[in-house]
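K.L.:
sequence? don't have it. structure:
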Ligand SMILES: NC(=O)c1ccc[n+]([C@@H]2O[C@H](COP(=O)([O-])OP(=O)(O)OC[C@H]3O[C@@H](n4cnc5c(N)ncnc54)[C@H](O)[C@@H]3O)[C@@H](O)[C@H]2O)c1
């Protein structure tokens, strides 16, 4: 059966584990060639091998999204390996769970450089290729913390609010090049990065805030990302889709 992303080339940042890994696997199952771009060599190589083992196309490129030069080299390698870039998913991010009064400049600098500067670096480096091809799909992974603001996650909420506004502004700037820019906004999702938090609060207690009474699995988020890169969504841009079981509505 033909995949819905046959012939497409996708870059997924932070694809070594968690939500990014699931997005990479989903795209590969749909026929895309996937670049697993992660700072973590061990996990990133494993995901690319897993995809190839299942008969898909993938390479791992070690990338620190905070470095413009690193990102530029990753994008150039993508084009030299696969010839084009159709899809960019900005997924890599970090968070500190602390009251703002207890954070230090090094905490917020790290969050801002990965969650904000990393996204700017990746979009800026893929744009020339997408503009020349007169088409592209950019999906930014935000967070419901960026929509409503969460205590203990003030800097993180701010970085994700930035990503949401950036998405809307770039959708307006890039529409004329047939490039769409959208956001998927997860609630608490069961990933390696979130498990410590989930265990410390207790899953039974957390789910009470979610009308659908469960936490997200990475596949819930990957399915929403897939929607934004399929042909069926080619008239949808500048949107923020919460995938959080009704935690944030509207
Ligand atoms: N898990 C949740 O509860 C949750 C909730 C809302 C939003 N999100 C968002 O979903 C996305 C994925 O989250 P996750 O839970 O899968 O995270 P995770 O911590 O499990 O995985 C993040 C990945 O990003 C990589 N990464 C970190 N710094 C990097 C850098 N400088 N360059 C390249 N890669 C880097 C890590 O190596 C890791 O593989 C993030 O944008 C996060 O903000 C997650």
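P.N.:
Structure received. The model shown is predicted, which means the values in this text are computed figures rather than measured ones.
K.L.:
and the residue nearest the centre of the chain?
P.N.:
residue 91 (2.2 Å; Cα atoms, centre = their mean).
K.L.:
kindly report the residues of the chain close to the ligand.
P.N.:
When proximity is defined as Cβ under 6 Å from any ligand atom, the chain approaches the ligand at 13-14, 16-20, 38-40, 43, 63-66, 91-94, 114, 118, 141, 143, 186, 188-189, 191-194. For every residue, glycine as well, the C-beta is placed using N, CA and C.
K.L.:
give the partner strands of the strand ranked longest in the chain in its sheet and their orientations.
P.N.:
Among the segments of the chain that qualify as a strand by DSSP state E, the longest is strand 179-186. For strand 179-186, sheet partners with direction are given as strand 136-141 (parallel), strand 240-243 (parallel), following DSSP bridges.
K.L.:
now do the longest one: distance to the chain's middle.
P.N.:
The gap between the average C-alpha position of strand 136-141 and the chain average comes to 8 Å, counting by Cα atoms, centre = their mean, to the nearest Å.
K.L.:
then stretch 225-234?
P.N.:
For stretch 225-234, the gap between its own C-alpha mean and the chain's C-alpha mean amounts to 15 Å (Cα atoms, centre = their mean).
K.L.:
can you show me the strands along the chain?
P.N.:
With DSSP E as the criterion, the chain has strands spanning 9-13, 33-38, 57-62, 87-90, 136-141, 179-186, 240-243.
K.L.:
so which of these is nearest residue 163?
P.N.:
The stretch from those with the least distance to residue 163 (Cβ to Cβ) is strand 136-141; that distance is 5.0 Å.
K.L.:
identify all contacting residues around the closest one.
P.N.:
With contact meaning Cβ atoms under 8 Å, 6 or more residues apart in numbering, strand 136-141 is reached by 19, 85-91, 93, 119, 123, 126, 129-130, 163-164, 166-167, 170, 174, 177-186, 221, 225, 228-229.
K.L.:
which of those count as buried?
P.N.:
A residue is treated as buried here by neighbour count (16 or more other Cβ atoms under 10 Å); on that basis the buried members of the contacts of strand 136-141 are 19, 85-91, 93, 119, 123, 126, 129-130, 163-164, 166-167, 170, 174, 179-186, 221, 225, 228-229.
K.L.:
I'd like the mean pLDDT over stretch 56-66, please.
P.N.:
Throughout stretch 56-66, pLDDT has a mean value of 98.
K.L.:
ends of it, what's the gap?
P.N.:
Taking Cα to Cα, to the nearest Å, stretch 56-66 runs 28 Å from one end to the other.
K.L.:
just to revisit the earlier point, need the phi and psi values for the residue nearest to the centre of the chain.
P.N.:
As for residue 91, its main-chain torsions (degrees, to the nearest 10) stand at phi -120, psi -30.
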